[in-house]
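Chemist: Got a predicted structure here, sequence first:
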Amino acid sequence: MNDLHLQAATDAAHAAGQLLRDHFGGTPDVNAFEAHDIKLELDIQSQELITKLLLERFPTHAILGEEGVAGDSSSPWQWIVDPIDGTVNYFYGIPHFCISIALRHHEEIQVGVIYDPMRDELWAASIGTTPTLNGKPIQVSPRTKLSDAVLSVGFSKTKTTIAAGLPLLAKYVQRARKCRLMGSAALDLAYVACGRLDAYIEQSVNLWDIAAGKLLVETAGGKITCTERADAPQKISVCASNGRIDLELTP
């Protein structure tokens, strides 16, 4: 069954990616400007397209996405969708964003797909199998030293999470080979899964940001810890790595 789910997620991601490519570089319609974020009309259009394609194949499933819920909300099968992860990048014409689609059954992620439409790169994972990038098997990096590592440290929008993230960034800038702030949690996790990054840390993300990437990292041999934040319902702190590098997170 997971083969059918994976194909459905792949097809939906490709369709949404074509939509985003077709409009990239223009002046997208903005639904809301927020202090540290932007909500585009294309976010809604992308999710509506993904929802339509998934529910056509699996009408009894639920869709849980950044732009709302659809389908049968009582279903144990839930598609978790981020229609544009990296919306600010997209709006500013920075070609680093993606579509993220995962499927969970009774709280366990079964399938995950992350698609970068600008590079035409698709990461795919199914529980119990080897993940792939454009059909080729991938695994996390073999690096073992923090001094050799390239890390991504993400920043959220609250004073609390910024205050927690800045010391981490300061530490890793000095100890790692390089640090990056790239603007797409899902792509950061995909990059960890295929060895481009050695670790990704962020203090506060949403489930749809990381659901597919979590499965990718785990099936690629990496380690990922997701912790619900006590001060922010529905928000998650995430630390993903190749599992070989000591990130020195404990004193």
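Modeler: Arrived safely, thanks for sending.
Chemist: Buried ones in stretch 132-148, by neighbour count?
Modeler: 132, 133, 138, 140, 141, 143, 146 (16 or more other Cβ atoms under 10 Å). From N, CA and C alone the C-beta is placed, and that goes for glycine too.
Chemist: ranges for the helices of the stretch 101-250 of the chain?
Modeler: Listed from the start of the chain, the stretch 101-250 of the chain has helices (DSSP state H, counting those that start in this stretch) covering 159-175, 185-193, 207-219.
Chemist: Please give the element, helix or strand, for residue 19.
Modeler: Applying DSSP states H and E as the criterion places residue 19 in helix 2-23.
Chemist: so what's residue 190 up against?
Modeler: Taking Cβ atoms under 8 Å, 6 or more residues apart in numbering as the contact definition, residue 190 lies against 98, 114, 116, 123, 133, 213, 216.
Chemist: Could you do residue 246 as well?
Modeler: By Cβ under 8 Å, 6+ apart, the residues touching residue 246 are residue 146.
Chemist: Can you check the pLDDT for it?
Modeler: Looking at residue 246, its pLDDT stands at 92.
Chemist: Any chance of the backbone angles for it?
Modeler: With angles defined as degrees, to the nearest 10, residue 246 sits at phi -80, psi 110.
Chemist: thinking again about what came up before, a markdown table for the helices of the stretch 101-250 of the chain, including distance to residue 44?
Modeler: Putting the helices of the stretch 101-250 of the chain into a markdown table (distance: least, Cβ to Cβ, whole Å) gives the following:
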| stretch | distance to residue 44 |
| --- | --- |
| helix 159-175 | 26 |
| helix 185-193 | 18 |
| helix 207-219 | 14 |
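Chemist: highest average neighbour count across these?
Modeler: Neighbour counts (mean count of other Cβ atoms under 10 Å) averaged over each of the helices of the stretch 101-250 of the chain peak at helix 185-193, with a mean of 30.
Chemist: what angle separates that one from helix 207-219?
Modeler: Computed with axes from the mean of the first three to the mean of the last three Cα atoms, to 10 degrees, the direction of helix 185-193 lies at 10 degrees from that of helix 207-219.
Chemist: Dump helix 185-193 to CSV, restricted to CA.
Modeler: Backbone C-alpha positions of helix 185-193 (Å, rounded to 0.1, in the frame of the first residue of the first chain) are rendered in CSV as follows:
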residue,chain,number,x,y,z
ALA,A,185,13.1,23.5,7.3
ALA,A,186,12.0,20.8,5.0
LEU,A,187,14.9,21.3,2.6
ASP,A,188,17.3,21.4,5.6
LEU,A,189,16.1,18.0,6.6
ALA,A,190,16.3,16.7,3.1
TYR,A,191,19.9,18.0,2.9
VAL,A,192,20.8,16.2,6.2
ALA,A,193,19.3,13.0,4.8
